[in-house]
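Student: okay, sequence plus prediction incoming.
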Amino acid sequence: MIKTFAIAALLPLAVNAQQPSELLQQKLAAVPQFQATFDQQAFDFDDQLVQQSQGTVALKAPLKFSWLQQSPDQLSLVSDGVAVWYYDPYVEQVTISAIADVLEQTPLPLLSSRDPALWAQWQVSQQQQCFVLNQPQQQGVEMQVCFNGDAINKLQLIDAQGNRTVMTLTDFNLAALADDNFNFTPPEGTFIDDQRQQ
């Protein structure tokens, strides 16, 4: 009986000793795919609001995501896990990049990655329901992932120039997503800038 109580008393200590990076990866593993509506705000280095946008975002591990801005202008950022398409219909141009080249520009690939080498590039700390990620190799670069229960409800990215982007998620849905959601076919007449060949 005494031994049982002793083990039970130690269990909370073991849970509390879990590293923030491990805890964040466990929480993300519990949501291997999701879709949501986003409201995004972009601030400059003086913390002045410079843009607001709305749209939808979907993610599926490993490394598949779809970010579709619907207003004020239509824009698409789609990854099939290998390549990323950035499409601007206003100028009828799509830029194709390797997924590795996009990892430093958006938190979306990291959220859907199970790659220990990628996670090793980030230092993770926890502030209540939010996790803050810093990259020592890039001073000033910071990401924040916040949860409401099991659902992700906010993402924030600060780049090396001090610009800050905050994405608030609503209508969080864990329904299964077909891989077709993460394929992009440029419309006819679109200029294609394939950065993978350079």
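Tutor: That came in fine, so what should we check first?
Student: run through the helices of the protein in chain order.
Tutor: For the chain, the helices defined by DSSP state H cover 2-16, 20-29, 99-102, 108-111, 116-119.
Student: outside of the fourth one itself, list whatever touches it.
Tutor: Residues from elsewhere that reach helix 108-111 (CB atoms under 8 Å, 6 or more residues apart in numbering): 28, 57, 59, 63, 65, 67, 77, 79, 99, 102-103, 118-119, 122, 133, 143, 145, 152, 155. Yep, even glycine has a C-beta here, placed from its N, CA and C like the rest.
Student: pLDDT score for residue 197?
Tutor: Looking at residue 197, its pLDDT stands at 67.
Student: and for residue 123?
Tutor: Model confidence at residue 123, given as pLDDT, is 88.
Student: distance-wise, check the nearest residue to it once chain neighbours are set aside relative to residue 179.
Tutor: Excluding the flanking residues, the one nearest residue 123 by CB to CB, 6 or more residues apart in numbering is residue 134, at 4.9 Å. Counting by CB to CB, to the nearest Å, the gap from residue 134 to residue 179 is 32 Å.
Student: where does the prediction get shaky in this protein?
Tutor: The model of the chain has pLDDT under 70 over residues 1-18, 104-108, 197-198.
Student: how about the strands of it, start to end?
Tutor: 33-43, 49-60, 64-71, 75-80, 83-88, 93-98, 123-127, 130-134, 142-148, 151-158, 164-173, 191-194 (DSSP state E).
Student: so for residue 183, which of these sits nearest?
Tutor: strand 75-80 (5.7 Å; CB to CB).
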